[in-house]
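Peer 1: sequence-free structure coming up:
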Ligand code: GTP
Ligand code: MG
């Protein structure tokens, strides 16, 4: 299914992209969301360390796994690459219905997280904020962290979805939020 250019699928399907720092739990979330067996890898940027992986889901939409940023051991230049890559991706994806931004709910959002969210807001990109690894906190602590993160990012707590790829918490809520974005995009075109 790789496109002739070899770097992304040729597709008119609505697309949803997943962003977040390295190790935040993106791959785990994608597997939990779709179920590994129905997750078909459509394309892979060849010969690059920083790549976007595309998964086509039931001919309904495409999920794009954006490269994780902020990994401590990669060089400054490499760190500076994600923004142009992201800008190129956004510019080349008119079918993008929205972005799911992942944040580890145990941590303070990083500068990169804030820059990413600001950038998405600038673009007026529909954005879902998912707070990962909720199973690592007690219910009370998770709810307190969700409020604190929402406050520091000036988000409505209603805009955030606590998620665990271990327990499946948040899976249905995220699936339905994605379905809403896909439907809005489908109707708009
Ligand atoms: P990179 O692709 O390396 O940037 O990481 P990623 O964002 O895809 O994260 P990945 O899904 O590989 O998860 C990173 C680590 O966190 C793994 O050890 C996972 O098992 C763990 N992890 C991911 N999600 C959860 C979760 O919801 N709960 C718990 N307890 N661990 C999780
Ligand atoms: Mg991953």
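Peer 2: Done, it's in. Computed from a predicted model, the values in this text were never measured in an experiment. Ligands and ions are numbered 1, 2, ... in the order given.

Peer 1: Check which helices and strands the one helix or strand residue 144 maps to sits against.
Peer 2: Using DSSP states H and E, residue 144 sits in helix 139-152. Packing contacts for helix 139-152, counted by 3 or more C-beta pairs under 8 Å, 6 or more residues apart in numbering; DSSP states H and E, involve strand 127-132, strand 160-162. All C-beta atoms are positioned from the backbone trio N, CA, C, and that covers glycine.

Peer 1: And those: which comes nearest ligand 1?
Peer 2: strand 127-132 (5.4 Å; C-beta to the nearest ligand atom).

Peer 1: Just to check, residue 136 is in contact with residue 106?
Peer 2: Yes - the pair residue 136 / residue 106 is scored as a contact, 6.0 Å apart, by C-beta atoms under 8 Å.

Peer 1: What ranges does the protein have for its helices?
Peer 2: Secondary structure of the chain (DSSP state H): helices located at 26-34, 76-91, 111-122, 139-152, 171-188.

Peer 1: Tell me if the third one is near ligand 1.
Peer 2: No - looking at helix 111-122 against ligand 1 by C-beta under 6 Å from any ligand atom, there are no contacts, and the closest approach is 12.3 Å.

Peer 1: between that helix and strand 127-132, how big is the angle?
Peer 2: In terms of direction (axes from the mean of the first three to the mean of the last three C-alpha atoms, to 10 degrees), helix 111-122 departs from strand 127-132 by 150 degrees.

Peer 1: Can you list the low-confidence ranges for this structure?
Peer 2: Low-confidence segments of the chain, defined by pLDDT under 70: 1-10, 36-50, 70-80, 189.

Peer 1: Which strand runs longest in this structure?
Peer 2: In the chain, taking DSSP state E as the definition, the longest strand is strand 96-104.

Peer 1: in its sheet, what does it sit against?
Peer 2: Strand 96-104 pairs in its sheet with strand 15-19 (parallel), strand 127-132 (parallel), by DSSP bridges.

Peer 1: gap between that strand and the chain center?
Peer 2: Relative to the mean C-alpha coordinate of its chain, strand 96-104 is positioned 3 Å out (C-alpha atoms, centre = their mean, to the nearest Å).

Peer 1: contacting residues around that strand?
Peer 2: Contacts to strand 96-104, defined as C-beta atoms under 8 Å, 6 or more residues apart in numbering, come from residues 14-21, 23-26, 29, 61, 90, 109, 113, 116-117, 120, 125-133, 149, 163, 174, 178, 181-182, 184-185.
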